[in-house]
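Q: Fold the following, please.
(one chain, ligands or ions: 1)
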Amino acid sequence: MLGDEKILFSGMQATGSLTLGNYLGALKNWVNLADEYTTFYCVVDEHSITVRQDPAELRKRARNLLMLYIAAGIDPEKNCLYYQSHVSGHAELAWILNCFTYMGELQRMTQFKDKSAKHADNINAGLFTYPVLMAADILLYQADVVPVGKDQLQHLELTRDIANRFNAIYGDVFTVPEPYLGKLGARIMSLQDPAKKMSKSDENPNASIYLMDDADTVMRKFKRAVTDSEACVAYRDEQPGLKNLLDIYCACTDKTPEEAVKEFEGKGYGELKTAVGESVVAVLTPLQNEFHRLEKEKDYIDKIIKQNAEKAGYYSSKTLRKVQKKIGFPEKIR
Ligand code: TYM
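A: Purely as a prediction, here's the structure:
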């Protein structure tokens, strides 16, 4: 690990239930890229507390998320899967980077604007500096590449700006990371309003497919998906509901949009919706089965959590020490 191989870092919040958007926009690419990189896949539980959480629920969701990473096909012996809160370097570097980030930059972040509108009674400082913690996550491991969905690109751009700013003052301390977007599925939209992204926190349960939805639920949600009255299967921006269904279908079957349009030429929307639903069920069923198997493997999962936290702690401490030295913190006397 960490020879000449490039480094990949990514993470997901342990909040709400994962959606098909999280899977197709991020998790699926994590699995595909795992062999090419030295990887760190984090359960970002520290990010989750920017909105109020029930403690027992957060703990359970964090563990379930880690098991979902494995169930999706990420080998925990070869890839470092761990909890953010188990590696203190994330919070320590975030504090330092806070001092290299401007208020104006954070005020421009669309996720901050959206979340503060949604949680108007709890616009806390953590919600505001959230992107700095995300920058710390990434820079702590000297990541070359960060696979995310499109909604995270603004945070990635800020991470690059912070890294370049720091490097300009102190020399080449941080690797400046590149985002990785999958060709398809980088922005999966709500099934009820194709102008909005599919989101864990959508109040309408028919808007999102959850990774743990059973086959009947998946098929029913696709049947109810909003389309249009054109009655013609095409892949174009003017038919956003249909475009979203085709994106999902292609991401699940590894077909191109052209191939998919050809396949459904002259067919009704009902037939298309059934095929999309079936393609999603075919992806989710093995993942769910594997998840339920892992739920019974308590000792094995505990071992993974312990080992990987140690591994992540070891690698992150190298960057942290370097940063502390550069900015002038006194060295520890050993
Ligand atoms: P989060 O937890 O909201 O989402 C996890 C990943 O899923 C992607 N995603 C989507 N992709 C396509 N279509 C959608 N509808 C959709 N919804 C979500 C997200 O882009 C993301 O890749 N701030 C991050 C978590 C984070 C992180 C990091 C990510 C913290 N530190 C460091 C990468 C690197 C977040 O809230 O993602």
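
Q: Is the ligand within reach of the lengthiest helix in the chain?
A: Scanning the chain for the helix with the most residues, using DSSP state H, yields helix 298-327. No: judged by C-beta under 6 Å from any ligand atom, helix 298-327 stays clear of the ligand, getting no closer than 13.0 Å. Every C-beta, even on glycine, is put in place using the N, C-alpha and C of the backbone.

Q: buried sites along that helix?
A: 301, 304-305, 308-309, 311-312, 315-316, 319-320, 323-324 (16 or more other C-beta atoms under 10 Å).

Q: Stretch 100-113 now?
A: F100, T101, L106, M109, F112.

Q: likewise stretch 244-255?
A: For stretch 244-255, by 16+ other C-beta under 10 Å, it's N244, L245, L246, D247, I248, Y249, C250, A251, C252, T253, K255.

Q: Same question for stretch 21-34.
A: Judged by neighbour count using 16+ other C-beta under 10 Å, the buried positions of stretch 21-34 are 21-31, 33-34.

Q: Tell me which of those residues fall in strands.
A: Using DSSP state E, no member of these falls in strands.

Q: Please narrow those to those residing in helices.
A: Counting by DSSP H, the buried residues of stretch 21-34 place G21, N22, K28, N29, W30, V31, L33 in helices.

Q: Pick out the residue of the stretch 201-334 of the chain closest to the ligand.
A: Ranked by C-beta to the nearest ligand atom, the top residue of the stretch 201-334 of the chain for proximity to the ligand is S208, at 8.4 Å.

Q: Quick check: of the ones in helices among the buried residues of stretch 21-34, which lies closest to R63?
A: Nearest to R63 out of these is N22 (C-beta to C-beta; 16.7 Å).

Q: K200: neighbour count?
A: For K200, the tally of surrounding residues (other C-beta atoms under 10 Å) stands at 15.

Q: my guess is it contacts N22, does it?
A: Yes: K200 is within contact range of N22, at 7.4 Å (criterion: C-beta atoms under 8 Å).

Q: Show me the common contact partners of the two, please.
A: Common contact partners of K200 and N22 (C-beta atoms under 8 Å, 6 or more residues apart in numbering): none.

Q: near the ligand, from the buried residues of stretch 21-34?
A: By C-beta under 6 Å from any ligand atom, the members of these lying near the ligand are G21, N22, G25, A26.

Q: of all those, which two lie farthest apart?
A: Within these, G21 and A26 form the most distant pair, 8.5 Å apart (C-beta to C-beta).

Q: Mutual contacts of the two, please.
A: G149.

Q: quick one: contacts for the residue of the stretch 51-200 of the chain found nearest the ligand?
A: Nearest to the ligand in the stretch 51-200 of the chain, going by C-beta to the nearest ligand atom, is G149, at a distance of 2.3 Å. G149 makes contact with G21, N22, G25, A26, L181, G185, A186, R187, I188, K197 under the criterion C-beta under 8 Å, 6+ apart.

Q: now with 7 Å?
A: G21, G25, A26, A186, R187 (C-beta atoms under 7 Å, 6 or more residues apart in numbering).
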